[in-house]
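J.: What would the 3D arrangement of this be:
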Amino acid sequence: MDLKTAIDTLPSLKITVESHGLLAKKSLGQNFLLDKNITDKIISLSLKKQNLDSYQNCHVFEVGPGPGGLTRAVISNNPDKMTVIELDERCIKIMQDINSKTGNILEILNQDALKFDFTFNEKTAKHIVSNLPYNISVPLLTKWLYNIDCYSSMTLMFQKEVADRIQAQTSTKDYGRLSILAQLQCKISRLLDLNPECFTPAPKIWSSVLLFQPLEKTLNKDEINKLEKLTAQAFSMRRKMIRQSLKSTPNLEEICDKIGIKSTMRPEEITPEQFLALSKEI
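T.: Numbering: from 1, shown residues only. Below is the predicted model of the structure:
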């Protein structure tokens, strides 16, 4: 039996949730996606955008699989291996049920994803897929962006307002430190937006799925650290000109002239590339 056929023999996600008494926990930021058409569409759109036919020859990681909607969609696309990282012990039994039907393709880890080291070396291409728990979505994303060269792609669901911040352009209210770091490390594509009614329980906000693909040239940890310190200082006075927020920087006027920006600009007017150039001169 192939993996897709094995997945198709499983009970529906709705029945799975009911049979395991799986009520979403607010403390874990859980909102379950139980519509197979949507979970399949997310993976299909992600693969298509990457010009991939499947996850063959890939190792896929999923954080917070919950009842396993995205897990099933990934497995149906034939990964060589899949690792699921789940803090909620109630969901571990569901993962074990899936594993027993799919030839033990899953590595099941009952632990905190914030403490898991994703950066180990392996020859297989590594992809991350997750309907991210809302309460740790930004810390997880930031952690992965620091080591983006370790991954071939990340297909991640956020609250729409967080997705808007990630993709925000200069001179907009959403533009900030997260926009800058994400855009300097990745090509970011919005795959789809989902209304609250797609989830159980329905949250009060929309969600968005973003695909992150590492750029050909990315920043190392030292460059990111310098950039993070600079943007933290600049955006601490978001409405002030940088000659005010960065006034402790020696020779600021000369540095601004050298890289082609004005010290009278506000941080939201400075592009990610300009912030990077500025951080390299300071």
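J.: who's Val63 bridged to?
T.: Per DSSP bridges, the residues bridged to Val63 are Ile85.
J.: Now do the helices in this protein.
T.: If DSSP state H is used as the criterion, the helices of the chain fall at 3-8, 13-19, 36-49, 69-75, 89-101, 137-146, 160-167, 177-185, 221-235, 242-245, 252-259, 272-281.
J.: which of the ones you listed sits most buried?
T.: helix 69-75 (a mean of 25; mean count of other CB atoms under 10 Å). (Each C-beta comes from the backbone N, C-alpha and C, glycine too.)
J.: pLDDT (mean, whole number) over that helix?
T.: The pLDDT scores in helix 69-75 average 97.
J.: Stretch 112-130 now?
T.: Per-residue pLDDT over stretch 112-130 has a mean of 93.
J.: Report the distance from that stretch to the chain centre.
T.: Chain-centre distance of stretch 112-130: 12 Å, with CA atoms, centre = their mean, to the nearest Å.
J.: Which of the helices of the chain comes out lowest on mean pLDDT?
T.: Among the helices of the chain, helix 13-19 has the lowest mean pLDDT, at a mean of 88.
J.: Now tell me what touches that one from outside.
T.: Defining contact as CB atoms under 8 Å, 6 or more residues apart in numbering, one finds that helix 13-19 is touched by 10-11, 22, 32, 34-36, 67-69, 72, 94, 97, 200.
J.: circling back to that earlier point, quick one, which of the helices of the chain is nearest to Met154?
T.: helix 137-146 (6.2 Å; CB to CB).
J.: Output the contacting helices and strands for that closest one.
T.: Judged by 3 or more CB pairs under 8 Å, 6 or more residues apart in numbering; DSSP states H and E, helix 137-146 is in contact with strand 153-159, helix 160-167, helix 177-185, helix 221-235.
J.: between these, which one is nearest to Ala125?
T.: Of all the helices and strands packed on helix 137-146, it is strand 153-159 that lies closest to Ala125, at 8.5 Å by CB to CB.
J.: Quickly run through the sheet partners of that closest one, with directions.
T.: Applying DSSP bridges, one finds strand 153-159 paired with strand 125-131 (parallel), strand 207-214 (antiparallel).
J.: just those: most buried one?
T.: strand 125-131 comes out most buried of these by mean count of other CB under 10 Å, with a mean of 23.
J.: Spatially nearest residue to Phe158, not counting backbone neighbours?
T.: Ser137 (5.3 Å; CB to CB, 6 or more residues apart in numbering).
J.: how about JSON lines for the strands paired with strand 153-159, with distance to Ser46 added?
T.: Listed next are these as JSON lines, based on distance: least, CB to CB, whole Å:
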{"stretch": "strand 125-131", "distance to Ser46": "8"}
{"stretch": "strand 207-214", "distance to Ser46": "5"}
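J.: picking that back up, distance of the residue nearest to Phe158 relative to Ser152?
T.: Ser137 is 20 Å from Ser152, where distance means CB to CB, to the nearest Å.
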